[in-house]
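Trainee: Provide a 3D model corresponding to the input given below.
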Amino acid sequence: MSTIFQKIIDRQIPATIVYEDEKALAFRDISPQAPTHILVIPKKPIPGVSAMLAEDKELIGHLFFVAKLLAAQENLTDFRLVTNNGAGAGQSVFHLHIHLLGGRVMGWPPG
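Mentor: Numbering: from 1, shown residues only. Sure thing, here's the model as predicted:
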């Protein structure tokens with residue numbers, strides 16, 4: 001079954017895409033939790049952190065680098081990167097993704 005993120009990659013549903021290359025896609029969250037809330041996803045379908053393989057190490061590093069580039073593009077010096085793993089941790093789409101959150105002060109603990 002195709003996730004909503006795969007459908008965005010395949011252009012079956014619209015999204016406000018802010019970055020794309022051969023490995024990754026980034027788009028604005030439709031329910032933002034901060035003034036800047038961008039999701040960075042791999043084009044390879046990986047259900048979550050627990051499903052990563054050793055061969056995915058470079059891809060995951062690339063996602064973090066893309067998040068860094070987007071933070072600079074958004075003029076963020078302070079930002080949070082979040083990845084949830086499993087429903088109990090708040091993961092609702094089972095396609096690995098990194099939330100880039102910024103533009104406001106973040107509390108701790110996050111919840």
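Trainee: so how far is residue 12 from the residue lying closest to residue 90 once chain neighbours are set aside?
Mentor: Nearest non-adjacent residue to residue 90, counting by CB to CB, 6 or more residues apart in numbering: residue 84, 4.5 Å away. Any C-beta I mention is one placed from the backbone N, CA and C, and that applies to glycine too. Separation of residue 84 from residue 12 (CB to CB, to the nearest Å) stands at 24 Å.
Trainee: any idea where the helices of the protein begin and end?
Mentor: 4-9, 57-73 (DSSP state H).
Trainee: list the helices and strands the longest one packs on?
Mentor: In this structure, helix 57-73 makes packing contacts with strand 17-20, strand 24-28, strand 36-42, strand 79-82, strand 98-102, judged by 3 or more CB pairs under 8 Å, 6 or more residues apart in numbering; DSSP states H and E.
Trainee: Direction included, what does the third one pair up with?
Mentor: Here strand 36-42 is paired, per DSSP bridges, with strand 24-28 (antiparallel), strand 98-102 (antiparallel).
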